[in-house]
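> Got a predicted structure plus its sequence, pasted below:
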Amino acid sequence: MKINEAFPSNYLKAADLQDREVKVTMGDVKMEKLGDDSRPVLYFRGKEKGLVLNKTNANNIASRYGDDTDEWFGQEIILYSAMVDFQGRSTEAIRVRLPKPQSQRERVMQESPQAPPPRERDDFEDRDTPF
């Protein structure tokens, strides 16, 4: 038996990601009582468990989508697990990464069905390389 299965949670935990990065579409953010505190919980389309937001993850999302959580609805983020320091010890936690923004050309291609097909790229061309 796995301990995580013996003690199921209503909220997403790092173990739930199974060492994978997961792209999700954000749904609602609700304030929920957790112990003595109320915390924002982010829910996702098509998923049952919500992510209890910490300041780091909330600020990362807000940096792209704004600080009004109503504006996050329908936007994508990527969840992954990382080792973090918490109360003096290392523990696995969920972190949020933002998808790479689409280029102007990609947006035009999506919006215009008559757009010409993209040109073939050289095998050696890599536009994502920073140098």
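Nice, thanks for sending it over.
> just the strands in this protein please.
Per DSSP state E, the chain carries strands over the ranges 22-34, 37-44, 51-52, 76-86, 89-97.
> right, so those: which one is the most enclosed?
Greatest average neighbour count among these goes to strand 51-52 (a mean of 20), per mean count of other C-beta atoms under 10 Å. (C-beta placed from N, C-alpha, C; glycine too.)
> Could you save the strands of the chain as a markdown table and add columns showing distance to residue 10 and mean pLDDT?
Shown next, in a markdown table, are the strands of the chain (distance: least, C-beta to C-beta, whole Å; pLDDT from 0 to 100):
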| stretch | distance to residue 10 | mean pLDDT |
| --- | --- | --- |
| strand 22-34 | 9 | 96 |
| strand 37-44 | 9 | 97 |
| strand 51-52 | 10 | 98 |
| strand 76-86 | 17 | 94 |
| strand 89-97 | 15 | 95 |
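> I'd like those strands as a markdown table, with distance to residue 16 appended.
Shown next, in a markdown table, are the strands of the chain (distance: least, C-beta to C-beta, whole Å):
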| stretch | distance to residue 16 |
| --- | --- |
| strand 22-34 | 9 |
| strand 37-44 | 12 |
| strand 51-52 | 10 |
| strand 76-86 | 9 |
| strand 89-97 | 8 |
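> Against residue 99, how distant is the closest residue in space to residue 97 that isn't next to it in sequence?
Closest residue in space to residue 97, ignoring its immediate chain neighbours: residue 78 at 4.4 Å, by C-beta to C-beta, 6 or more residues apart in numbering. Distance, residue 78 to residue 99, using C-beta to C-beta, to the nearest Å: 6 Å.
> what do these two both touch?
Jointly contacting residue 78 and residue 99 under the rule C-beta atoms under 8 Å, 6 or more residues apart in numbering are residue 23.
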